[in-house]
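J.: just the structure for this:
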Amino acid sequence: MNKLEQIRNKKLSTQLSLITTIIAIIGLAIVPLLVRVTPVDNLLLSYNWYAGSEILFDMYSIFKSQVILCLGIISLLVIVVRQVKFKTYTLKDPVIVLILIFSVVTILSHFFSVSIALSNRGMNGRFENTWIWLAYASILTLVYGEEWTIEKLNKLVLGFVISNLILSIVGILQYFGIDPVFNDITKPFITSFKMGNLNYVADYTINYKVIVQTLYHYNYVGFYSALSIPMIMSFALYDKKIYHRLGYLILLALMFFNLLGSSARGGLVGVTATIPLFIILNRQLLFKNLKIFFALILITVVVFIGFEAYTDGFITSRLKNIFISVEAPNLLKSLSIIDDSINIEFDHGILQIDVISVSNDVWQTSYYYNDILIQPILHESNTYNYFNVESLKDIKFYISEYQNLYLFTVEMFNQGWYFGYDEKTLKYVNALGKFDAIVTPDTFGFDGRERLGSARGYIWSRSIPLIMKKPILGYGVDTFAVVFPQQDYIGKYNAYDTPNMIVDKAHNIYIQIAINSGIIALSAYTSLVGLALFKTGRNALSSDLKNQNVWISATFLSVFSYSIAAIFNDSTVQISSVFWIILGIAFSVVKFKYSKTIEPKS
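T.: Numbers count the residues shown, from 1 in each chain. Reported below is the predicted structural model:
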């Protein structure tokens, strides 16, 4: 290689490095802040269990999705150039092999998707389609191949800190009833030109006094906090400048308030599980800097006690219910329709309702309880019938009218169940007024514990059997809502006290990936995460005080915290670009083996 070519290659390498840094800053710091009200087509109208308008408005997701896709495409182009010119990547590298396996299986799952339309665009409100997952893989590969210098990493720190500061301020304002994201001033700037004369009102944060920041949902605030708080804690510990440390501590107090104010228990579990590891990994530095250690403890205690006092113990009560199931009596065991009979099974027996004849609003019926004929009694109000049987005292029945259709209504425990004839066939009528089937899905575990973790026990118990039915390639990215047994009306009632809940996500990233793209993709993903934790954890534990690297410790703790919180949360476009970039940095800082402490600048 002649000297001129060396100069050109060096210039190209510098340009590619600059592009990589810009992509990392955008994905790490800017993407979580993006909001834009955009009208989108509703892809779920063909399903009996779903109701909604043809046009939906999205504020927090689709714009982020579009930017991530652009970052992924640019990343892929840079990767190709790097590989052609510098042979940056090799198939001998297990990281690259795992990324390729994940990407190939994700592509294959797309072409075998149960809904190509959803896998192409993504679920309403989520928009984390096939191409977004491939963009994550592309961004990870790009960041991993970059040799991060202290100067470049400090630019990432600056962007990350500013982004977290903005999110924290937005969250605190939302908590106290002020929405700085969507109001009369900001509306013209964050409304898509496609809106035209369409009206959109964003009153969720104000009406419910919850913290969503610009991340769409309070659970995502907690999930993001699990990713970012360990990073900021590490920066606060490693930075030697006093005013930098003070700034980090103030930011941590704001972030911790947002974590508590979001009421997202998954994020709290992730952060809490990470604190002992933070102490173990940084024990030498903590012992040397006891002031910063006690400052971190003081911030945690003061913010937590203050928040608990202000909310009358709200967080403590929420935490108790993560692993302690709110026991559901499972009042309804099953409900089925066989010919002209409605069969309702309780813990104490079976009620059989035989329909003899129907003429408009006159339904002639007979009733059997445990195969014994029983007679109904007309209530003195003449509005409903009931039984003079102690075990059936919470049941009444009457005829109701819906769009000129007379429905036989069984009201059990203050919940109405409707039945009508569709072309001479007796069927269940759901809350949307649509004839529908009541299914009894396969389940796995959590029997009697369906309400565990805000009904996550119910979701997981119905999701795991889905994985077993299509373990290789799954059902296609972002198709969870359409493959989940939405017609499990009895299961939903026992879990949520209503049969009308739509379950649109797995609330577990590992189940999500397995249903999206199968067990092979899940194995590749967990192997990547496990490999990153092994490499960074081993380096952090084996380094002495002089050779400790903040990025090795910080990325290990961040990835670990995220992985714990991911047990209760899904991947989302609001957060995942940040995670995949941090994962790439974790691999990179170990690969290039920095020998001196990297001090982040704030």
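
J.: show me what counts as buried in stretch 116-132.
T.: 118-132 (16 or more other CB atoms under 10 Å). Quick note: C-beta positions are derived from backbone N, CA and C, even for glycine.

J.: give me the contact list for it.
T.: 40, 42-44, 52, 56, 58, 61-62, 64-65, 68-69, 72, 106-107, 109-110, 113, 216, 476-482, 504-505, 571-573, 576 (CB atoms under 8 Å, 6 or more residues apart in numbering).

J.: quick revisit: out of the buried residues of stretch 116-132, which comes closest to Tyr398?
T.: Using CB to CB, Asn124 is the member of the buried residues of stretch 116-132 that sits closest to Tyr398, with 35.5 Å.

J.: tell me the secondary structure at the closest one.
T.: Following DSSP: H, G, I helix; E, B strand; the rest coil, the label given to Asn124 is coil.

J.: picking that back up, narrow the contacts of stretch 116-132 to those in strands?
T.: Val40, Leu56, Asp58 (DSSP state E).

J.: show me what contacts the first one?
T.: Val40 makes contacts with Ile55, Leu56, Phe57, Asp58, Ile62, Asn124, as judged by CB under 8 Å, 6+ apart.

J.: quick one: which of these has the most company?
T.: Greatest neighbour count in those, by other CB atoms under 10 Å, goes to Ile62: 25 neighbours.

J.: with adjacent residues omitted, what lies nearest to it?
T.: Spatial nearest neighbour of Ile62, excluding adjacent residues (CB to CB, 6 or more residues apart in numbering): Phe127 at 4.8 Å.

J.: gap between the one you found and Lys64?
T.: Distance of Phe127 to Lys64, given as CB to CB, to the nearest Å: 8 Å.

J.: so what sits against both of the two?
T.: Shared contacts of Phe127 and Lys64, defined by CB under 8 Å, 6+ apart, comprise Val573.

J.: contacts only, for Leu260.
T.: Counting by CB under 8 Å, 6+ apart, Leu260 makes contact with Leu268, Val303, Phe304, Phe307, Ile315.

J.: scratch that, Gly349
T.: Tyr369, Asn370, Ser391.

J.: one step back: which two among the contacts of Leu260 are spaced furthest apart?
T.: Using CB to CB, the contacts of Leu260 reach their maximum pairwise distance at Leu268 and Val303, which is 12.4 Å.

J.: would you state the helices of the stretch 351-500 of the chain in chain order?
T.: 452-469, 480-483, 489-496 (DSSP state H, counting those that start in this stretch).

J.: could the contacts of Val40 be laid out in TSV, adding pLDDT?
T.: Listed next are the contacts of Val40 as TSV, based on pLDDT from 0 to 100:
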residue	pLDDT
Ile55	87
Leu56	88
Phe57	89
Asp58	91
Ile62	95
Asn124	92
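
J.: mind listing the residues bridging to Ser336?
T.: Beta-bridge partners for Ser336, by DSSP bridges, are Asn343.

J.: so it makes contact with Tyr428?
T.: No - if you go by CB atoms under 8 Å, Ser336 and Tyr428 don't touch, sitting 9.5 Å apart.

J.: how is this structure divided into domains?
T.: As given by automatic domain parsing, the domain ranges for the chain are 3-322+506-591, 334-436.

J.: any idea how far Leu260 is from Ile564?
T.: Distance from Ile564 to Leu260, by CB to CB: 18 Å.

J.: circling back: and for Ser336 and Tyr428, which residues touch both?
T.: With contacts defined as CB under 8 Å, 6+ apart, the residues shared by Ser336 and Tyr428 are Ile438.

J.: ok, those two, which is more surrounded?
T.: Shown here are Ser336 and Tyr428; by other CB under 10 Å, Tyr428 has more neighbours (22 against 15).

J.: show me what contacts the more buried one?
T.: Tyr428 sits next to Leu335, Ile337, Trp417, Tyr418, Phe419, Phe435, Asp436, Ala437, Ile438, Tyr489 when contact means CB under 8 Å, 6+ apart.

J.: let's see it at 6 Å
T.: Taking CB atoms under 6 Å, 6 or more residues apart in numbering as the contact definition, Tyr428 lies against Phe419, Asp436, Ile438.

J.: tell me which of the residues you listed fall in strands.
T.: Phe419, Asp436.

J.: what's the longest strand in this protein?
T.: The longest strand of the chain (DSSP E) is strand 350-359.

J.: same for it, what does it pack against?
T.: strand 341-345, strand 362-369 (3 or more CB pairs under 6 Å, 6 or more residues apart in numbering; DSSP states H and E).

J.: leaving aside the residues next to it on the chain, what's closest to Pro512?
T.: No, residue 512 isn't Pro; it's Gln. With CB to CB, 6+ apart as the measure, Ala506 is the residue that lies nearest to Gln512, at 4.3 Å, once sequence neighbours are left out.

J.: distance of the one you found relative to Glu147?
T.: Going from Ala506 to Glu147 by CB to CB gives 37 Å.

J.: PyMOL command to pick out the buried ones of the contacts of stretch 116-132?
T.: The following PyMOL line selects those of these that are buried, judged by 16+ other CB under 10 Å:
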select buried, resi 40+43+44+56+58+61+62+64+65+68+69+72+106+107+109+110+113+216+476+477+478+479+480+481+482+504+505+571+572+573+576
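
J.: any chance of the helices of the stretch 351-500 of the chain in TSV, plus distance to Ala554 and mean pLDDT?
T.: Listed next are these as TSV, based on distance: least, CB to CB, whole Å; pLDDT from 0 to 100:
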stretch	distance to Ala554	mean pLDDT
helix 452-469	28	94
helix 480-483	32	96
helix 489-496	38	93
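
J.: and stretch 105-121, end to end?
T.: End-to-end span of stretch 105-121 (CA to CA, to the nearest Å): 18 Å.

J.: how far away is Val170 from Ile552?
T.: With distances taken as CB to CB, Val170 is found 31 Å from Ile552.

J.: ok, those two, which is more surrounded?
T.: Using other CB under 10 Å as the criterion, Val170 and Ile552 rank with Ile552 on top: 27 against 22.

J.: doesn't the more buried one lie inside a strand?
T.: No - if the criterion is three-state DSSP, then Ile552 is helix and not within a strand.

J.: show the contacting residues for it.
T.: Thr536, Asn539, Ala540, Val589.

J.: show me what the strand or helix carrying the third one is packed against.
T.: Secondary structure from DSSP states H and E places Ala540 in helix 519-542. With contacts defined as 3+ CB pairs under 6 Å, 6+ apart, the packing partners of helix 519-542 are helix 94-111, helix 509-517, helix 550-565, helix 576-591.

J.: can I get the ones you listed in TSV including distance to Ala532 and mean pLDDT?
T.: Formatted as TSV, the helices and strands packed on helix 519-542 follow (distance: least, CB to CB, whole Å; pLDDT from 0 to 100):
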stretch	distance to Ala532	mean pLDDT
helix 94-111	8	98
helix 509-517	15	98
helix 550-565	6	95
helix 576-591	5	96
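
J.: using CSV, lay out these together with distance to Ser341.
T.: Formatted as CSV, the helices and strands packed on helix 519-542 follow (distance: least, CB to CB, whole Å):
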stretch, distance to Ser341
helix 94-111, 42
helix 509-517, 35
helix 550-565, 47
helix 576-591, 49
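
J.: for Ser234, which of the ones you listed is the nearest?
T.: Smallest distance to Ser234 across those (CB to CB): 3.6 Å, for helix 550-565.

J.: show me the contacts for the residue lying closest to Ser115 once chain neighbours are set aside.
T.: Counting by CB to CB, 6+ apart, Thr479 is the residue found nearest to Ser115 once chain neighbours are left out, at 5.1 Å. Applying CB under 6 Å, 6+ apart, we find Thr479 in contact with Val114, Ser115, Leu118.

J.: pretty sure Asn430 sits against Asp436.
T.: Yes - between Asn430 and Asp436 there is a contact under CB atoms under 6 Å: 4.6 Å.

J.: C-terminal to the lowest-mean-pLDDT helix or strand in the chain, what's the next element?
T.: Within the chain, no helix or strand scores below helix 204-208, which has a mean of 48 by mean pLDDT, DSSP states H and E. For helix 204-208, the following helix or strand on the C-terminal side (DSSP H and E) is helix 218-238.
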